[in-house]
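*Asks:* fold the following and give me the result.
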Amino acid sequence: MKKILLSISSFIFLGLITEIKAQCDLQFNNLQVVAAAPPVPVSPTSCQVVFNASFDIITNSGFKSLFFHSWRMDDYPDPPIFNCGGNTPAVDPGTAAQLGTSRNQPGVSFLDFGFIGLKDITDTLTEGVTINVTSMLATEYPHDPTVELTNSSNSPGMTASLTKDGDTLHFVLTNVTVLINQTCGTPLGVLTDIWGSNANAPDFKAQCYVCRQAIFFLDPRITGFINCNLPRQYAISIVTIDPVVQDIQYLVYVDMNGNGQINPGTDSLAFISDTISISAVGGPTPDSYSSGLVSLPAPYSTGALYINKSYLVTVRYVNDPNRRSTVGVLAAPQGCAPLPATFKSFTANRINRSNVALKWETLTEENVAGFAVERNINGRWEFITFVPSQALNGISNSVLAYQLSDPNSNKGISQYRIRQQDLIGTAKLSDIRSVRGEGQRGTTIVYPNPSPDGKVNVIFEGDLGKRNITVQDMSGRIIKQWNNYTNNNIQIENLAPGFYTIRVLNIETGSQVVEKVVVNNR
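*Replies:* Okay, here's the model as predicted:
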């Protein structure tokens, strides 16, 4: 079994494998992997990762030598090095054909390391005492010296320590540097072979081995959104690269403290789904699950304490409760607070070099004194003017139309909002509308571009129709998506460094706008 817990924002992951047995006295248990530094893109198709790891090896006889080989799931050798389907007779271990001659060679293993001379130490090691075994990391692969092993000479700062507890040997590795031939931040499936030997020959056989131990990082991928309807509605998509059919449930928490992480003591568990079966492409079930638009049960979809909070979605594996998934963050909807007036529309459009036209209509008004119009330039909101309500005594159940021309020659982005004032002095804010600056071309504007922090703002100036918005990375994979979006501005967050394509489809007109954006840092 395995356990994975990942935090997408901090690139930290945790794995657990328990009681993996070969047809001999070797068990591999309790693997834990934690990133020692953020992943670094080396090229558009490769990523450098530095991690710390700990694991247990359980054996009654001990091994003089012990080796580990890990592949991307797509790169696992066919035919495999070992046949773990039955007995495990002594066989030759792998060669450069499966393991490669350099640590960054595509199509072969990305991590190969091992220990030489373990039994000489473990037979005399005092239980509970931790010793440094960095010097025992193999520097040459005995069966094929052309294979490059990972060790302290080529992985800066790499160390290894060992603690004995009966038949269990607890290993801790630090600062292990690997280069994985895929884009940083994408789901990763890893298959690992482990083998040991007690032989003294210079080119010893693998006498005991375990095969194809699977572990997944950044999987499954959970995406979605929350809209402004009351009761609030959300939609999620769950996609996996695991080829084995898994029965799962998804859990939705309300992010009460707003930190983007699940804190069971403070965040409210609002929903647990029925059991769903998912697997990767090629399996007997689809590779993804989509919920469609649904609401959390009351009070989470209607209560004032919850409706403007983000949702946190994670997956529970029904048959493997120790295995955990990534956490998908569904951002809180913007500008959705209840208002004393019910808007039919609110638009802000630049009409010439020095003026912005503001128009709004109300369907109903209840005790409305009027509308304070506010403008934001360079991060500071300022009052423009007050427009009194047209409703008799502030109450109306018919459509009322308002308009205002604001002198504005700002060359950058301007934002507008309406502060609705009721007759007893309390106020509510409307949605925010953004307009392009004087001289800025186009009706769709993306800024800042390049983005310095993984955040990008998009403005859709013009009619407030429904739009479908997708964000694609360099490989064309959709990483974020919003359907039937009705506001005229959106902030896209948590973009990793790279190049992205933003596609905006106006559902009513069929017109499409494509914008490119670069993210430098996050």
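*Asks:* and the nearest residue to residue 382 once chain neighbours are set aside, what helix or strand is that in?
*Replies:* Sequence neighbours aside, residue 375 is the residue nearest to residue 382 in space, at 5.8 Å (criterion: CB to CB, 6 or more residues apart in numbering). C-betas here are computed from N, CA, C, even on glycine. For residue 375, the host element (DSSP states H and E) is strand 368-377.
*Asks:* that strand pairs with which strands?
*Replies:* Its sheet considered, strand 368-377 pairs with strand 380-388 (antiparallel), strand 414-422 (antiparallel) by DSSP bridges.
*Asks:* point out the most buried one among those.
*Replies:* Across these, averaging neighbours per residue (mean count of other CB atoms under 10 Å) puts strand 414-422 on top, at a mean of 21.
*Asks:* identify the bridge partners of the residue nearest to residue 386 when sequence neighbours are not counted.
*Replies:* Once flanking residues are discounted, residue 386 sits nearest to residue 372: 5.1 Å by CB to CB, 6+ apart. Note on residue 372: beta-bridge partners by DSSP bridges are residue 386, residue 419.
*Asks:* chain center to stretch 269-278: distance?
*Replies:* Put simply, stretch 269-278 sits 19 Å off its chain's centre (CA atoms, centre = their mean, to the nearest Å).
*Asks:* buried residues, it. List them.
*Replies:* Across stretch 269-278, burial judged by 16 or more other CB atoms under 10 Å covers 270-271, 273, 276, 278.
*Asks:* tell me which of those residues is nearest to residue 133?
*Replies:* Taking CB to CB as the measure, residue 133 lies nearest residue 278 of those, at 40.7 Å.
*Asks:* can you list the weak-confidence ranges in this protein?
*Replies:* Along the chain, segments meeting pLDDT under 70 span 1-25, 60-61, 86-87, 281-287, 334-340, 423-426, 439-443, 461-464, 522.
*Asks:* how much space separates residue 323 from residue 71?
*Replies:* According to CB to CB, to the nearest Å, residue 323 and residue 71 sit 20 Å apart.
*Asks:* more neighbours, the two?
*Replies:* residue 71 (23 against 20; other CB atoms under 10 Å).
*Asks:* tell me the contacts of the residue nearest to that one when sequence neighbours are not counted?
*Replies:* Using CB to CB, 6+ apart and skipping the chain neighbours, the partner closest in space to residue 71 is residue 109 (4.8 Å). Each residue near residue 109 by CB atoms under 8 Å, 6 or more residues apart in numbering is listed here: 69-71, 75, 94, 98-100.
*Asks:* closest to residue 468 among these?
*Replies:* residue 75 (35.6 Å).
*Asks:* what is the neighbour count of that closest one?
*Replies:* 20.
*Asks:* and what of the one 3 residues further on?
*Replies:* A count of nearby residues for residue 78, using other CB under 10 Å, gives 6.
*Asks:* wait, what's in contact with it?
*Replies:* Contacts for residue 78 (CB under 8 Å, 6+ apart) come out as none.
*Asks:* now it: how far from residue 118?
*Replies:* 31 Å.
*Asks:* rewinding a little: the residue nearest to residue 386 contacts residue 383, doesn't it?
*Replies:* Yes - counting by CB atoms under 8 Å, residue 372 touches residue 383, with 6.2 Å between them.
*Asks:* just send the buried residues of stretch 269-278 back as TSV, with secondary structure and distance to residue 361 too.
*Replies:* Formatted as TSV, the buried residues of stretch 269-278 follow (DSSP: H, G, I helix; E, B strand; the rest coil; distance: CB to CB, whole Å):
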residue	secondary structure	distance to residue 361
270	strand	35
271	strand	36
273	coil	40
276	strand	43
278	strand	45
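*Asks:* just the residues you listed now: which is nearest residue 412?
*Replies:* Distances from residue 412 to the buried residues of stretch 269-278, taken by CB to CB, are shortest for residue 270, at 39.8 Å.
*Asks:* contact partners for that closest one?
*Replies:* 252-254, 296-297, 300, 306, 311.
*Asks:* top of those by number of neighbours, please.
*Replies:* residue 311 (25 neighbours).
*Asks:* bridged to that one, which residues?
*Replies:* Beta-bridge partners, per DSSP bridges, of residue 311: residue 254, residue 330.
*Asks:* and the gap between it and residue 222?
*Replies:* 10 Å.
*Asks:* residue 210 now?
*Replies:* Residue 210 sits at a distance of 31 Å from residue 222 (criterion: CB to CB).
*Asks:* show me what counts as buried in the strand holding residue 375.
*Replies:* By neighbour count on 16+ other CB under 10 Å, the buried set for strand 368-377 is 368-375.
*Asks:* and those residues, which is closest to residue 457?
*Replies:* residue 375 (16.6 Å).
*Asks:* ok, the closest one touching residue 415?
*Replies:* Yes - between residue 375 and residue 415 there is a contact under CB under 8 Å: 7.1 Å.
*Asks:* spatially nearest residue to residue 280, not counting backbone neighbours?
*Replies:* Excluding the flanking residues, the one nearest residue 280 by CB to CB, 6+ apart is residue 243, at 4.6 Å.
*Asks:* can you map out the strands along the stretch 1-150 of the chain?
*Replies:* Ranges of strands within the stretch 1-150 of the chain are 5-7, 12-14, 20-21, 27-35, 40-43, 46-58, 65-72, 111-116, 130-132, based on DSSP state E, counting those that start in this stretch.
*Asks:* one more: the stretch 201-350 of the chain?
*Replies:* Listed in chain order, the strands of the stretch 201-350 of the chain (DSSP E, counting those that start in this stretch) span 208-217, 221-226, 234-239, 246-254, 268-272, 276-278, 288-290, 311-317, 324-330, 341-352.
*Asks:* can those go into a markdown table with extra columns for distance to residue 45?
*Replies:* Below are these laid out as a markdown table (distance: least, CB to CB, whole Å):
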| stretch | distance to residue 45 |
| --- | --- |
| strand 208-217 | 17 |
| strand 221-226 | 19 |
| strand 234-239 | 20 |
| strand 246-254 | 28 |
| strand 268-272 | 38 |
| strand 276-278 | 26 |
| strand 288-290 | 23 |
| strand 311-317 | 28 |
| strand 324-330 | 22 |
| strand 341-352 | 42 |
